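Peer 1: sequence? don't have it. structure:
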């Protein structure tokens, strides 16, 4: 990993760790001095990002920092928006080789599991969540696997708390294997 990649991850990780370490009450964080890559527009050298109560409230080169804000010095680092993992089994699979830690597919022999809601098996205390958060993942879509129609997916925010605290929208999609019937596990006779 080069230093550019490490710096970008570190700035995001520092900001997220600071936000998650603070209580849910009113909080303001100012990330200062980094090269800010906003969602739209050119990069901002020596930029500032102000986050109030978990929401970005200001981004720019000459942003006023509110009194009492926790400051995070990002000088020499890259600051980006949080990343979204749009297809994962995060929180529903701990150890892929151990069946008891895998809750991403409906049990049984059916190839159609449209009613399967993968988020109901999500472990909000999964040891995999903290590393994902540290790498800058702020939201993710947990998807079911297996069968022609695997089930329903959900969009979650990577926050501390219960699965209910994490859910942004459920269901957000129906997951199906489209393509060659052989690869989807459907028997075809010619």
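Peer 2: Sure, I can see it. All of these numbers come straight from a predicted model, not from anything done at the bench.
Peer 1: any idea how the chain splits into domains?
Peer 2: Domain assignment for the chain by automatic domain parsing gives 3-81, 84-176.
Peer 1: Mean pLDDT for those domains - can I get that in CSV?
Peer 2: Putting the domains of the chain into CSV (pLDDT from 0 to 100) gives the following:
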stretch, mean pLDDT
domain 3-81, 79
domain 84-176, 83
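Peer 1: Next, format these as a markdown table and append mean neighbour count.
Peer 2: Any C-beta I mention is one placed from the backbone N, CA and C, and that applies to glycine too. Shown next, in a markdown table, are these (neighbours: other C-beta atoms under 10 Å):
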| stretch | mean neighbour count |
| --- | --- |
| domain 3-81 | 16 |
| domain 84-176 | 17 |
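Peer 1: quick one, phi psi at the residue nearest to residue 72 when sequence neighbours are not counted?
Peer 2: Nearest in space to residue 72, with sequence neighbours left out and distances taken as C-beta to C-beta, 6 or more residues apart in numbering, is residue 31 at 4.7 Å. The phi and psi values for residue 31, taken as degrees, to the nearest 10, are phi -100, psi 120.
Peer 1: who does the helix or strand where residue 30 lies pair up with?
Peer 2: Using DSSP states H and E, residue 30 sits within strand 28-36. Take DSSP bridges as the rule and strand 28-36 pairs in its sheet with strand 44-52 (antiparallel), strand 70-73 (parallel), strand 78-79 (parallel).
Peer 1: And the residue nearest the centre of the protein?
Peer 2: In the chain, the centroid-proximal residue (C-alpha atoms, centre = their mean) is residue 139; its distance is 2.7 Å.
Peer 1: counting contacts, what elements does the helix or strand residue 156 falls within pack onto?
Peer 2: In this structure, residue 156 sits in strand 149-157 according to DSSP H and E. In terms of contacts (3 or more C-beta pairs under 8 Å, 6 or more residues apart in numbering; DSSP states H and E), strand 149-157 is packed against strand 137-142, helix 163-166, strand 167-176.
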